[in-house]
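>>> how would this look folded up:
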Amino acid sequence: MEVLGTVVIGAGQAGLSAAWHLQRHGLVPEQDYLVFDANEGPGGAWRHRWPSLTFDAAHGLHDLPGLPLGVPDPAEPASAVVERYYGAYERRFGLPVRRPERVMAVEDAGAGL
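The predicted model follows:
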């Protein structure tokens, strides 16, 4: 069992944004916080979209903080665009995503942390 001050569950858009802000505010990856994600690789829930859902047919995706998405090929499957973008984001900012990890419980270790 690990004891950490901060845990982010899920490495989708919200989880990656949260990790970026934690790091920006001085928390040290692997020491002060970790990100756990149940998927085999980057992309969040987008990994589970059907290949026929192209990026121009998707509802859209907001840029993650610190790294604009740019203009992807509208004919490319949205799952591939997001997997590539989220993976690049994790690498660029050195975000500590552990995969595949299913979080079964989170407990308060006490106020002494």
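
>>> rest of the way, CA atoms for contacts and neighbours
Fine.

>>> Count residues in the vicinity of the closest residue in space to L69 that isn't next to it in sequence, would you?
With sequence-adjacent residues excluded and distances taken as C-alpha to C-alpha, 6 or more residues apart in numbering, L69 is closest to D63, at 5.5 Å. Neighbour count for D63, taken as other C-alpha atoms under 10 Å: 13.

>>> What's the separation between D63 and E83?
13 Å (C-alpha to C-alpha, to the nearest Å).

>>> now swap in F93 and tell me
16 Å.

>>> Give me the more crowded residue out of these two.
Legend: neighbour count by other C-alpha under 10 Å for F93 and E83, higher for E83 (19 against 15).

>>> measure that one to E107 for me?
Counting by C-alpha to C-alpha - E83 and E107 are separated by 31 Å.

>>> again with V71
Taking C-alpha to C-alpha, one finds V71 at 41 Å from E107.

>>> what does P72 give?
Applying C-alpha to C-alpha to P72 and E107 gives a distance of 41 Å.
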